[in-house]
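Enquirer: below are the sequence and a predicted model; questions follow.
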Amino acid sequence: MPGGDAEPPAGLAARRVGWETIILSWFALPASLLAALLLGAVMMLLLSVNPISGYHALFDGAFVGSYALGASAARAGPLLFVGVGICISFRASMFNIGGEGQLAMGGLASAATALALPGLPSFVLIPLVLLAGAAGGAGWGAIPGAFKAYFNVNEILSTIMLNLVAVQLMNYLLAGPLVDTTQNSTFGLIPETRLLPHSSWLPILIPGTQLNLGVLIAVLVAGASYVLLWHTGLGFRLRAVGMSREASNYAGIKVKRTMVLAMTLSGAMCGMGGAMLVFGSLAHRMVTDGSLTGFTGSDGFNGIVVALFGGLSPLWSIVSSFLFGGLLTGGDALQVATGVPPDLVTTLEGLVVVFVVSLEYMRRRARASSLAPASSASRDGG
Amino acid sequence: MTDPGALSHLEETDPRTLSHLEEAVPLLQMSAITKRFPGVLANDGVDFDVAAGEVHALFGENGAGKSTLMRVLYGLYRPDEGKIAINGKATEISSPAAAIRQGIGMIHQHFMLVNTLTVVENIALGLKSSRGPLTDLRRVAKRVRELADSHGLKVSTDALVWQLSVGERQRVEILKALYRDANILVLDEPTAVLTPNEVDDLFRVLRQLAAAGRGLVFISHKVNEVLELSDRITVLRAGRRVGTLSREAASRESLVEMMVGHDISAEIRQAPAAGGDKRLVLAGLTVRGDRGQEAVRGVDLTVESGEIVGIAGVSGNGQRELAEAIAGIRAPEGGSALIDGKEVLGAPPDRVRAAGLAYVPEERMRDGIVPDFSVAENLMLVESGRPPFSHLGFLRARTIRRHCQKLVEEFAVKTPSLDTPARNLSGGNIQKLIMARELSGRPRVLLVAQPTRGIDVGAATYIHKRLVEQRDAGTAVLIISEDLDEVMSLSDRILVMFEGRVIGTADPRTSTREAVGLLMAGVVPS
């Protein structure tokens, strides 16, 4: 940097938009999906499965026919809730990796609410359990948010750690205070709640499919989050803080409060996803298997992929959640049709993550290199 | 070594003339160095040489071109014109690594040390080990201790760098250069970070290094230090070499006069502003800097409505900390700051703004704008949540666009559109954007730090005009600038800051640039 002598002035900072930037911004995501699918094909070949018939099964299972579409959409709902939450926190530069824990806490809060108030009619109970889920997740998001804002504790670490805490708390509650004691099992009790009151079930929108009200609410929440981020003062401040804490503070924005709020909102979205996992499930109970992802099915992590794939936009996340919901649903079909291990689908998904994240990195690097050398005035003497 | 210059060197050094050459050939000879940046001529045909055994000072204001010249020497910049010869043989220095190979060592103002490594590890960093892939730290440590002992550089070699004081870190930097056999040592404002005692120690070491036959370049803007340490002094002003004096021929007055040049008539100032109410009153303001040192030590000042008060001074003397403390960005240590009689010191930025302050910050890319936000978003950074731009929490897009369009036109911000990311604008237009935003709130007190640093002349003139307009409209304006011309031509009163204090005041109508320049260099008229 030229010090106080000469800040590279006028004009130099103009961005030149090269073909790299264009390719990266428009083709990066489809290409990463394609690359993952190609690698998946190689793996299928290694497992002596015809990749064409394999992918055919996957596609049919995900997107062909109203039943498949409904199942994919139902699978996409919780993913979308988490994805939208991730959009909000990442936009504020808060890297919320705590979707898993926030899902669990949201699920617990909503299930407990429904169990405590079984007599309420649907139009009261359903909003109530969703709000309870939001509150549970919000609390679990606010903690790492506050730790980050006020004590500068790395939120990536704290959210990951809080995932473990939440899951253990859930395992304890589902096996203890909330357990369904009416089940008759000779081999100990399954960690699950009683059947939840019928009035709390998320109603099926199209009979004969799994498409339930939760999906519609998730889409509405995504739309509302878009409005929040780009058309409200709060969203403006949130994005400002995400891009420059210094400039935001200078301009009089309450930076710390905004950081906590971003994590709280993010947690609330994930918490609603947890409620949907409970009340939109086929079992209509909150149930886990004692493993870390027994309740969430890794949706807390998959939601991050949804958000990244959706370019951290709540609206694009609707599309990408459906895509990933389809991948997961179709993965089951693939497994049934060809007998590949379920891990293959998990691997596929992991590959998409790797490609998306590294492409995101390349995109950022391309942008950085297309900018003029940093021109912020340095303070050295001349 | 496959140094192409080695052969020519042999040809030149005819044994018969060798003793003669040693007299005449300086260690370093830089001839007619010219370095241009877009719109700025940072070095304009500068000649500079260093003989073995001398300390040669580069003296001048900020922005005079001292650092640029040395960055050319160290291979950080390619000169557009000019030649560099080392020991009489022409050479091209393409990178710092090449400079180090040529025996040039540079002690930067900001140390280039890895805090979590030990002193010895830092010195060995980047060097080949004598034991191949294994480290030979014990051997390095032994040599470092020898070097340290022979040059009086007290350093604990096994300490981790973060445990060291600033003075010790500087000694590590010097040792690092000596370890790499630096024969020409460049020190960029080495005293800026030191306590007076440490300065004495440093000067002793530097004199000893020169006495041992090395050539030292001492970059400074402090006239007393330059006179104390140097054998010769070269003064730069606005990228040109004004002259080179031997210490005997130099005096404080002559050096300062050479540094600041001759008075440029202040054409901007109009009728002296009528005194008004006291808008900003600072009393005993004390602020710590980033390194915990007392950067501002008890500053008192008052700015009345309808006047421009200028704070002159070489940057790094507490001006930045002063501004940031007033604006609520930096926690103060003590004192008080009243805006319209209301205490705002220590209040968060939004409350200081609510009290009537607008602030154009020095670090414009970091504090002044969100680079990735659009022009419109940056214009709304302060007021986004308030009526009429927001209603029940929702932004009112049309009102906002109309307001931003108006501001962009009013302040002649050149931008392709309101949606262009602010980082794509030029420095001058970014500063106009910030001014537009800050003035749109109709401030009671306007605080502007380095209003035109690094900005092209056209934009600078425009910004000056707006500042005077503000003054005439009755705003209390406080300008902090290291550009003496700017302070002289804009201000109604001048305060000079040196080492955290206001060491003097001047009336721009009656004072000369030399008088202010002396104060900036820390010389208080007795």
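Expert: Perfect, I can see it now. Residues are numbered from 1 along each chain as shown, chains lettered A, B, ... in the order given.
Enquirer: okay, domains of the chain per the record?
Expert: This is for chain A. Listed by automatic domain parsing, the domain ranges of chain A are A:27-47+A:340-364, A:75-338.
Enquirer: you looked at the wrong chain, it should be chain B
Expert: Split by automatic domain parsing, chain B gives B:28-103+B:219-261, B:278-520.
Enquirer: just put those in TSV and tack on distance to residue A:233, mean pLDDT and mean neighbour count.
Expert: Yep, even glycine has a C-beta here, placed from its N, CA and C like the rest. Shown next, in TSV, are the domains of chain B (distance: least, CB to CB, whole Å; pLDDT from 0 to 100; neighbours: other CB atoms under 10 Å in any protein chain shown):
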stretch	distance to residue A:233	mean pLDDT	mean neighbour count
domain B:28-103+B:219-261	38	89	20
domain B:278-520	4	92	20
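Enquirer: on that earlier part again, lowest average pLDDT across the domains of chain A?
Expert: Among the domains of chain A, domain A:27-47+A:340-364 has the lowest mean pLDDT, at a mean of 81.
Enquirer: and it, is it in reach of chain B?
Expert: No: judged by CB under 8 Å from any CB of the partner chain, domain A:27-47+A:340-364 stays clear of chain B, getting no closer than 11.3 Å.
Enquirer: that older thread, need the domains of chain B in TSV with distance to chain A, can you?
Expert: Putting the domains of chain B into TSV (distance: least, CB to the nearest CB, whole Å) gives the following:
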stretch	distance to chain A
domain B:28-103+B:219-261	4
domain B:278-520	3
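Enquirer: save those domains as JSON lines, and put in distance to residue B:206 too.
Expert: Shown next, in JSON lines, are these (distance: least, CB to CB, whole Å):
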{"stretch": "domain B:28-103+B:219-261", "distance to residue B:206": "6"}
{"stretch": "domain B:278-520", "distance to residue B:206": "20"}
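Enquirer: select, out of those, the one closest to residue A:229.
Expert: Taking CB to CB, domain B:278-520 is the member of those nearest to residue A:229, at 10.9 Å.
Enquirer: in whichever strand or helix holds residue A:107, what's buried?
Expert: Counting by DSSP states H and E, the element that carries residue A:107 is helix A:99-116. Burial within helix A:99-116, assessed by neighbour count using 16 or more other CB atoms under 10 Å in any protein chain shown, is assigned to A:99-115.
Enquirer: helices or strands next to that helix in the packing?
Expert: Judged by 3 or more CB pairs under 8 Å, 6 or more residues apart in numbering or on different chains; DSSP states H and E, the packing partners of helix A:99-116 are helix A:66-91, helix A:122-151, helix A:155-175, helix A:255-279, helix A:299-309.
Enquirer: out of the ones you listed, which is closest to chain B?
Expert: Among those, the nearest to chain B by CB to the nearest CB is helix A:255-279 (9.5 Å).
Enquirer: can you mark which positions in the closest one are buried?
Expert: Going by 16+ other CB under 10 Å, helix A:255-279 has these buried residues: A:255-256, A:258-279.
Enquirer: quick one, what contacts residue 203?
Expert: Reading this off chain A. For residue A:203, the contact set (CB atoms under 8 Å, 6 or more residues apart in numbering or on different chains) comprises A:122, A:212, A:213.
Enquirer: sorry, I should have been clearer: chain B.
Expert: So residue B:203 contacts B:225, B:228, B:229 (CB under 8 Å, 6+ apart).
Enquirer: is the second one within a helix or a strand, and which one?
Expert: Think residue B:228. Applying DSSP H and E as the criterion places residue B:228 in helix B:223-229.
Enquirer: which other helices and strands does that helix contact?
Expert: Judged by 3+ CB pairs under 8 Å, 6+ apart, the packing partners of helix B:223-229 are strand B:55-59, helix B:196-211, strand B:215-220, helix B:252-260.
Enquirer: can you lay out those as a markdown table showing distance to residue B:187?
Expert: As requested, the helices and strands packed on helix B:223-229 are exported to a markdown table (distance: least, CB to CB, whole Å):
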| stretch | distance to residue B:187 |
| --- | --- |
| strand B:55-59 | 9 |
| helix B:196-211 | 7 |
| strand B:215-220 | 5 |
| helix B:252-260 | 18 |
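Enquirer: thinking again about what came up before, among the domains of chain B, which is nearest residue A:353?
Expert: Nearest to residue A:353, of all the domains of chain B, is domain B:278-520, at 24.8 Å by CB to CB.
Enquirer: ok now that closest one, how far from the chain's centre?
Expert: In this view, domain B:278-520 has its centroid 18 Å away from the chain centroid, taken as CA atoms, centre = their mean, to the nearest Å.
Enquirer: drop anything exposed from the contacts of residue A:203.
Expert: Neighbour counting by 16+ other CB under 10 Å classes A:212, A:213 among these as buried.
Enquirer: the contacts of residue A:203 into a markdown table, with extra columns for distance to residue A:354?
Expert: As requested, those are arranged in a markdown table below (distance: CB to CB, whole Å):
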| residue | distance to residue A:354 |
| --- | --- |
| A:122 | 43 |
| A:212 | 32 |
| A:213 | 35 |
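Enquirer: which single one of the contacts of residue A:203 is nearest to residue A:337?
Expert: Distances from residue A:337 to the contacts of residue A:203, taken by CB to CB, are shortest for residue A:212, at 26.0 Å.
Enquirer: distance check, the nearest residue to the closest one once chain neighbours are set aside against residue A:119.
Expert: Closest residue to residue A:212 apart from its sequence neighbours, by CB to CB, 6 or more residues apart in numbering or on different chains: residue A:202 at 4.2 Å. Relative to residue A:119, residue A:202 is positioned 18 Å away (CB to CB, to the nearest Å).
Enquirer: more neighbours, those two?
Expert: Remark: of residue A:202 and residue A:119, residue A:202 carries more neighbours, 24 against 8, as counted by other CB atoms under 10 Å in any protein chain shown.
Enquirer: in contact with the more buried one, which residues?
Expert: Contacts of residue A:202 (CB under 8 Å, 6+ apart): A:126, A:212, A:213, A:214, A:276, A:279, A:280.
Enquirer: closest to residue B:371 among those residues?
Expert: residue A:276 (38.3 Å).
Enquirer: and the closest one, how far from residue A:126?
Expert: Noted for residue A:276: a distance of 11 Å to residue A:126, by CB to CB.
Enquirer: which stretches in the stretch 1-150 of chain B count as strands?
Expert: Taking DSSP state E, counting those that start in this stretch, the strands of the stretch 1-150 of chain B run over residues B:28-37, B:40-50, B:55-59, B:81-86, B:89-91, B:104-107.
Enquirer: closest one to residue A:58 among these?
Expert: Residue A:58 lies closest to strand B:28-37 among the strands of the stretch 1-150 of chain B, at 57.4 Å (CB to CB).
Enquirer: and residue B:102, backbone torsions?
Expert: The phi/psi pair for residue B:102 (degrees, to the nearest 10) reads phi -80, psi 0.
Enquirer: list the contacts of the nearest residue to it once chain neighbours are set aside.
Expert: The shortest distance from residue B:102 to any non-neighbouring residue, by CB to CB, 6+ apart, is to residue B:86 (5.4 Å). Contacts were defined as CB under 8 Å, 6+ apart; by that measure residue B:86 touches B:27, B:28, B:29, B:102, B:103, B:104, B:184.
Enquirer: thanks a lot, catch you later.
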